[in-house]
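Visitor: structure for the following, please:
(one chain, ligands or ions: 1)
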Amino acid sequence: MSDRRQLVRVADKAALAAAAAEQLLAQIDANPARIAICLTGGSSPKQLYELLATMPYRSRIPWDRVHWFVGDERFVAAGDPLHNMTMARRAFLDACAPPANIHPIPTDGTDPDACARRYGEELRAFYGADRLDPIRPLFDLVLMGIGPDGHTASLFPGFPALEVRDRWVVGVDHANVAPFVPRVSLTLPVLASCRKMLFEVAGEDKRAILTRVLSGENLPANRARSEHQTVFLIDAAAWPENFRDQPDV
Ligand code: 6PG
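Guide: Numbering: from 1, shown residues only. From the prediction side, this is the model:
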């Protein structure tokens with residue numbers, strides 16, 4: 001596990017989406033076989049998703065061999081405006097990706113734990129083994145965001161889900177921040193099984209929590225690391241005041 005993170009500063013949200021698209025394409029270009037990308041929810045990645053549906057990005061993605069997963073889901077019906085995979089579908093997947101390559105977390109029924117188990121089975125079937133091997137990561141790329149309380153995916157500070165290491169996916173019966181609906185989340189070791197983990201952090205309202213995360217506080221967004229490479233893309237408005245440019249932390 002590499003504990004170091006690379007910080008990349010960009011001008012604004014538009015530049016951040018373009019930089020994230022380039023990082024995504026680089027991960028795709030590095031793998032000539034089947035590719036797995038784990039998306040994130042929230043508002044931060046929407047601009048990136050919309051960009052991927054436009055030229056030239058759209059023509060640079062080999063859609064047939066890219067599979068799209070999601071790191072966490074709000075426990076609402078598919079189609080609900082709060083549903084993370086629905087946002088990604090509307091922004092780019094429905095227009096570009098073969099339906100069989102889209103892997104939503106199930107949110108039917110009433111039990112987030114049962115849906116978590118089903119998604120765990122789907123991930124293990126895709127991976128082809130029950131145990132993750134560090135030299136063969138599950139994902140080529142995992143996208144992440146940071147919530148106002150330092151959560152990432154649906155792993156909230158102090159919640160038991162954060163400590164789970166023996167399950168791939170967990171049900172989270174309530175959320176620490178809005179929207180206050182149950183969640184389903186991949187666990188830290190499963191999110192770590194990627195060639196690259198990419199955080200997108202933009203806007204003035206992220207600066208305080210990003211400062212706490214980068215200063216090493218025990219927060220989920222600090223504990224989430226790729227076993228290989230972790231990159232934070234940060235715009236000028238979110239960049240912590242006393243950081244020099246391009247530090248590795
Ligand atoms: C979710 C998320 C969550 C998100 C952060 C940042 O389902 O809410 O996946 O972890 O990434 O809360 O959200 P914003 O991008 O909206 O600030």
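
Visitor: close to the ligand: what parts of the protein are there?
Guide: Selection of the chain residues close to the ligand by CB under 6 Å from any ligand atom yields 40-44, 72, 74, 84, 145-147, 151-154. In short, each C-beta sits where N, CA and C put it, glycine included.

Visitor: just the ones of these in helices?
Guide: residue 84 (DSSP state H).

Visitor: tell me which two of the residues of the chain next to the ligand sit farthest apart.
Guide: 74 and 146 (16.8 Å; CB to CB).

Visitor: buried only: go through the residues of the chain next to the ligand for me.
Guide: 40-42, 44, 72, 74, 84, 145-147, 151-154 (16 or more other CB atoms under 10 Å).

Visitor: now pLDDT too, for those, in a markdown table please.
Guide: A markdown table is the format used below for those (pLDDT from 0 to 100):
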| residue | pLDDT |
| --- | --- |
| 40 | 98 |
| 41 | 95 |
| 42 | 90 |
| 44 | 93 |
| 72 | 98 |
| 74 | 97 |
| 84 | 98 |
| 145 | 98 |
| 146 | 98 |
| 147 | 97 |
| 151 | 98 |
| 152 | 98 |
| 153 | 98 |
| 154 | 98 |
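
Visitor: residue 233: which of those is nearest?
Guide: For those, the nearest to residue 233 is residue 44 (9.8 Å; CB to CB).

Visitor: please enumerate the strands of the protein.
Guide: Secondary structure of the chain by DSSP state E: the strands cover 5-10, 35-39, 66-70, 72-74, 139-144, 169-172, 183-186, 194-201, 229-235.

Visitor: which of these is buried the deepest?
Guide: Among the strands of the chain, the stretch with the highest mean neighbour count (mean count of other CB atoms under 10 Å) is strand 183-186, at a mean of 30.
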